[in-house]
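Undergrad: structure of the sequence below:
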Amino acid sequence: MKRRELFEFEDFQWLPPFIRNGITNLLQVLHKMMGTPQVIAGLITELEGVYPFSQITDLGSGSGGPMLLVLDQLNAKASAPSKKLLLTDLYPHPDVVSEINGRDLEHIHYHEQPVDATRLETAPEGLRTMIASFHHMPPESALAILESAAQSKKPILIYEIAKNNIPFLVWLLFLPVSLLILMIMTWFMTPFVRPLGFSQLFFTYLIPIIPMIYAWDGQASLMRTYSFEDIETLLEKVQSPNYRWKFAEARKSNQKVLGFYIMGYPVAN
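TA: Purely as a prediction, here's the structure:
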């Protein structure tokens, strides 16, 4: 496979919450700037056309990701019934769960119990989504997720914002420059964080821990993302009767490419 098993700091449980939240805040800004919530909402609407559902069960939600913004996009349509969003994780962080559930949002809830994406038959009902988290899964786990979706005959939408189409040696060669560019980007993105707290400012501009970790994780995730050839290899192993797979580049309304998606859903005999 082209994918490389690198590490990301966000994967480590010891990463302090204020650093993790700072990175999550930057990712929220990035998703808003790039328009990924609109793209994901469009893919969910497309999938709903072949498999209706009322709840979205997000897998590997972490601190929430862009799915809260996606739900706003979906529920902004007055003609459609409101969707519910259930955030889940294999290791839900108590502080994150408490913070999101403490908002008392009508259509959003963070599931307090662990949910294993490789065993979707045990996951709460609804459309399963994995947004910018599939690349965290090693090949055996990624295959187990796809197999579980097909065997349980449940719909799933996997979306990745990055595309792994750069040779590894080229990535290594330009890594120092890429890291510097991403760090500089965080200095311009931070003022758009809402709410903008003291720790976000302090560990961005005075002690730049957040920019350094954000930059490394961003570059590492590029190499950890599955290429189209990798996905084809995985899907060849999970062919199942009455279950259909589709994967392609994701596009914005102006037809510009923004990542890719894998869509799976059951079909009639």
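
Undergrad: name the SS class of Arg20, please.
TA: Per DSSP: H, G, I helix; E, B strand; the rest coil, the local secondary structure of Arg20 is helix.

Undergrad: pLDDT weak spots in this structure?
TA: Residues of the chain meeting the criterion pLDDT under 70: 78-80, 269.

Undergrad: run through the helices of it in chain order.
TA: Taking DSSP state H to define them, one finds helices in the chain at 17-34, 36-48, 67-75, 94-101, 139-152, 168-189, 198-201, 209-224, 228-235.

Undergrad: may I see the ones you listed organised as a markdown table, with distance to Thr57 and mean neighbour count added?
TA: C-betas here are computed from N, CA, C, even on glycine. Below are the helices of the chain laid out as a markdown table (distance: least, C-beta to C-beta, whole Å; neighbours: other C-beta atoms under 10 Å):
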| stretch | distance to Thr57 | mean neighbour count |
| --- | --- | --- |
| helix 17-34 | 20 | 19 |
| helix 36-48 | 12 | 20 |
| helix 67-75 | 10 | 19 |
| helix 94-101 | 15 | 15 |
| helix 139-152 | 12 | 19 |
| helix 168-189 | 30 | 14 |
| helix 198-201 | 30 | 14 |
| helix 209-224 | 23 | 21 |
| helix 228-235 | 21 | 16 |
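
Undergrad: so who does Pro66 touch?
TA: Residues near Pro66 by C-beta atoms under 8 Å, 6 or more residues apart in numbering: 27-28, 31, 36-37, 40, 131-132.

Undergrad: which residues sit in contact with Met1?
TA: Here Met1 is in contact with 139, 226-227, 229-230, 233 (C-beta under 8 Å, 6+ apart).

Undergrad: could you redo the last one with a cut-off of 6 Å?
TA: Shown in contact with Met1 (C-beta atoms under 6 Å, 6 or more residues apart in numbering): Asp230.

Undergrad: again with Phe168
TA: Phe168 neighbours (C-beta under 6 Å, 6+ apart): none.

Undergrad: start at 25 instead
TA: New numbering, starting at 25: the last item is Phe192.

Undergrad: show me what Leu110 is bridged to.
TA: Following DSSP bridges, Leu110 is listed with bridge partners Thr81, His133.

Undergrad: tally of neighbours for it?
TA: 21 (other C-beta atoms under 10 Å).

Undergrad: next one: Lys26
TA: Neighbour tally, Lys26, other C-beta under 10 Å: 16.

Undergrad: am I right that it is in contact with Ser251?
TA: Yes. Assessed by C-beta atoms under 6 Å, Lys26 is found in contact with Ser251 at 4.3 Å.
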